[in-house]
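> Based on what follows, work out the 3D shape:
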Amino acid sequence: MRARAVAIIIDRSIPSVLLIHRWKDGREYYVLPGGKIEDGETPAEACAREALEETGLQVAVGPELISLVNLDRPEHYFLVDSFTGSLELGFPERDWQTPQNIYQLEWVPAHRFTQVNLFPVEIRPLVARCLQNL
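Below is the predicted model of the structure:
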């Protein structure tokens, strides 16, 4: 199983974190943008590519904050230092949309972050700290 690279995209002006709000098979939850690391890519390169593909944002990838194993797959989490572009759900999530499988990009304000069901649960304290340290 391929490793994943994941972006923690923080908007310091609000402050908020960009999450993908998911409804799938009757379940509602949130995830961070990210995806598989392709052959020849570093985790940081994959993080930038996946962020662009999924959100439409060009990101400046900062430090890797943590790596962990989620569902038997290594995942690398990076803090995004800055971003440009227009927020727009991209490929392949846009093409996978059905009434039973919904993807919605959402800026979640820091004051509401503890109310969302972010997966994996192990990453919640780290994202909360990123939002507090603005």
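> Give the buried residues for the helix or strand bottoming out on mean pLDDT in the chain.
Lowest mean confidence among the helices and strands of the chain (mean pLDDT, DSSP states H and E): helix 93-96, at a mean of 86. Buried residues in helix 93-96, defined by neighbour count with 16 or more other Cβ atoms under 10 Å: residue 93. C-beta coordinates here come from the backbone N, C-alpha and C atoms, glycine included.
> what does stretch 4-22 give?
4-11, 15-22.
> same thing with stretch 114-123?
Here stretch 114-123 shows 116, 118-119, 123 as buried, counting by 16+ other Cβ under 10 Å.
> next one: stretch 25-35
30-35.
> Next: stretch 82-100.
For stretch 82-100, by 16+ other Cβ under 10 Å, it's 83, 89-90, 93.
> of those, closest to residue 73?
residue 93 (18.2 Å; Cβ to Cβ).
> Okay, and the closest residue in space to that closest one that isn't next to it in sequence sits in which element?
Spatially, and ignoring its direct neighbours in sequence, residue 93 is nearest to residue 103 (4.3 Å; Cβ to Cβ, 6 or more residues apart in numbering). Assigned by DSSP states H and E, residue 103 falls within strand 101-109.
> what's the following helix or strand after that strand?
Following strand 101-109 in sequence, per DSSP H and E, is helix 124-132.
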